[in-house]
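Novice: Turn this into a structure:
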Amino acid sequence: MNRDFVPSPNEAVALSFVDSFNHRDLGAFVATLHPEVEIHAGRGLRKGIEAARDWGTRAPGGVQQRIVVEELRERGDIVVALILREWWWEDDPGEQAGTDVMAWLFEFRDGQIASWRSFDDRDEALAALS
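Specialist: Numbering: from 1, shown residues only. Next up, the predicted model:
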């Protein structure tokens, strides 16, 4: 992202979500979430802080993911992050295992993330801003 970029309050929370997810900082991760958060994960809907914490907890070893935010777009209480999900071998961090071009959609309530979902199709996520 552009170094001169100054995020809005919601964008800053979305960036904090990504940063804490990348660094496995569950305390900071949970601090971004509304108490009634809904995580729309690949294995189903998870509701509430504890379910979100479980979702955000990653086992060590093997292939790990890192999220790179390329761009943020916002409209009202929705922020769409255009991201790259990079896969890295934990035992050999110099060897990248793959990259997915995606989007993450955040919905906000009271300055916190009330809903998160991932999209393989960026245009589908961006349609939520229309």
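
Novice: In its sheet, which strands sit next to the lengthiest strand in the chain, and in what direction?
Specialist: For the chain, the strand reaching the highest residue count under DSSP state E is reported as strand 92-109. Partner strands and pairing direction for strand 92-109 (DSSP bridges) are strand 78-89 (antiparallel), strand 112-119 (antiparallel).

Novice: quick one: which of these is nearest residue 48?
Specialist: Residue 48 lies closest to strand 112-119 among the strands paired with strand 92-109, at 11.5 Å (Cβ to Cβ). In short, each C-beta sits where N, CA and C put it, glycine included.

Novice: tell me the mean pLDDT over that closest one?
Specialist: In this model, strand 112-119 has a mean pLDDT of 98.

Novice: how far out from the middle of the chain is stretch 104-115?
Specialist: From the chain centre to the centre of stretch 104-115 is a distance of 11 Å (Cα atoms, centre = their mean, to the nearest Å).

Novice: Start and end of that stretch, how far apart?
Specialist: Stretch 104-115 has an end-to-end distance of 10 Å (Cα to Cα, to the nearest Å).

Novice: Pull out the buried residues from it.
Specialist: Neighbour counts over stretch 104-115 (16 or more other Cβ atoms under 10 Å) mark 104, 105, 106, 107, 108, 112, 113, 114, 115 as buried.

Novice: what sits against the third one?
Specialist: Taking Cβ atoms under 8 Å, 6 or more residues apart in numbering, we find residue 106 in contact with 10, 13, 14, 17, 78, 79, 80, 81, 113, 115, 116.
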